[in-house]
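Chemist: I would like to see how this sequence folds:
(one chain, ligands or ions: 1)
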Amino acid sequence: MTQTFKIFRYNPDEDKKPYYKSYQVEVQEGMTILDALNEIKWKQDGGLTFRRSCRHGICGSCAMTINGLNRLACETQIKSLGGRTVEVEPLRHFPVIKDLAVDMEDFYKKYEAIKPYFIAGTPPTDKERYQSIADRKKIDGSYECILCGACTSSCPSYWANPNFLGPAALLKAYRFTFDSREEGLDERLPILNSRYGLWRCHTIFNCTICPKSLNPTWAIGELKKKVVSEKY
Ligand code: FES
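Modeler: Take a look at the predicted model:
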């Protein structure tokens with residue numbers, strides 16, 4: 001079957017404005033959007049730029065907007081899109097470097113801002129910091145985030161204010177805040193409670209587009225309760 005792909009193109013060094021270019025690809029059973037992009041790049045247009053690495057939904061590199069929804073190109077079966085023209089665009093509200101590759105620098109700065117690591121309050125001993133199976137389960141649904149940016153790019157609160165930490169950074173904040181081994185809440189919670197933190201989330205649920213089926217909206221709600229209960 002021949003499938004039409006309409007792909008966003010923009011090279012800021014050469015183009016006055018973005019445009020869309022159409023390509024025809026012979027689609028085989030089991031092909032993903034990433035397979036089609038590779039086919040186009042390798043056989044039709046070597047200038048097409050996009051990110052990919054693992055091809056298994058692990059690295060988060062290939063997040064892009066496919067038929068209006070943020071998804072991982074390597075996990076999206078072409079067949080699942082129903083046969084109509086497939087429109088592929090870069091993640092929205094992230095600056096475009098070229099074509100489908102966006103600038104993730106600000107996204108990672110926000111991730112760094114929430115201190116994505118354990119903050120130790122007590123000195124290390126010669127034993128590991130034990131965690132029970134029940135406590136470990138409490139962070140299910142947060143540690144699996146692959147930082148692809150799909151949620152933050154789809155968040156209207158982020159569109160309205162790009163200073164907002166955004167759902168991806170806040171989901172990571174949940175992962176450490178609710179880990180039984182964390183000892184740095186006095187340091188982390190004020191960051192979450194700051195001007196561009198938690199309270200910019202208006203529970204719109206767009207971030208639940210997560211390709212890993214995580215729910216940052218729910219996690220942000222739990223963090224809000226935590227901040228309130230800790231009297232910040
Ligand atoms: S290439 Fe790694 S998530 Fe798609």
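Chemist: the domain parsing of this structure - what is it?
Modeler: Each structural domain of the chain that the record assigns through automatic domain parsing is listed here as a residue range: 2-102, 105-229.
Chemist: among these, which is nearest the ligand?
Modeler: domain 2-102 (3.3 Å; Cβ to the nearest ligand atom). Heads up, the C-betas are built off the backbone N, CA and C, glycines and all.
Chemist: secondary structure class for residue 6?
Modeler: Recorded secondary structure, residue 6: strand (DSSP: H, G, I helix; E, B strand; the rest coil).
Chemist: I'd say it and residue 68 touch.
Modeler: No - applying Cβ atoms under 8 Å as the test, residue 6 and residue 68 come out as separate, 12.0 Å apart.
Chemist: mind checking the backbone torsions on the nearest residue in space to residue 74 that is not next to it in sequence?
Modeler: Excluding its sequence neighbours, the residue lying closest to residue 74 (Cβ to Cβ, 6 or more residues apart in numbering) is residue 34, at 4.1 Å. Note on residue 34: its backbone torsions stand at phi -60, psi -40 [degrees, to the nearest 10].
Chemist: mind checking how far residue 34 is from residue 54?
Modeler: If you measure residue 34 against residue 54 using Cβ to Cβ, to the nearest Å, the figure is 10 Å.
Chemist: Could you state which residue of the protein sits nearest its centroid?
Modeler: residue 149 (2.1 Å; Cα atoms, centre = their mean).
Chemist: Among residue 6 and residue 68, which residue is more densely surrounded?
Modeler: It is residue 6, of residue 6 and residue 68, that has more neighbours when counted by other Cβ atoms under 10 Å, with 14 against 9.
Chemist: Quick one: distance of the longest helix anywhere in the chain to the chain centre.
Modeler: Using DSSP state H to define each element, the chain has its longest helix at helix 216-229. Its chain's average C-alpha position is 19 Å from that of helix 216-229, according to Cα atoms, centre = their mean, to the nearest Å.
Chemist: Likewise for stretch 112-120?
Modeler: A distance of 18 Å separates the C-alpha centroid of stretch 112-120 from that of its chain, computed with Cα atoms, centre = their mean.
Chemist: What of stretch 113-121?
Modeler: Using Cα atoms, centre = their mean, the mean C-alpha position of stretch 113-121 is found 20 Å from that of the whole chain.
Chemist: What are the contacting residues of it?
Modeler: Residues outside stretch 113-121 that contact it (Cβ atoms under 8 Å, 6 or more residues apart in numbering): 165, 169-170, 172-173, 175-176, 179, 181-184, 187-188, 191-192.
Chemist: Distance across it, terminal residue to terminal residue?
Modeler: Using Cα to Cα, to the nearest Å, one end of stretch 113-121 lies 19 Å from the other.
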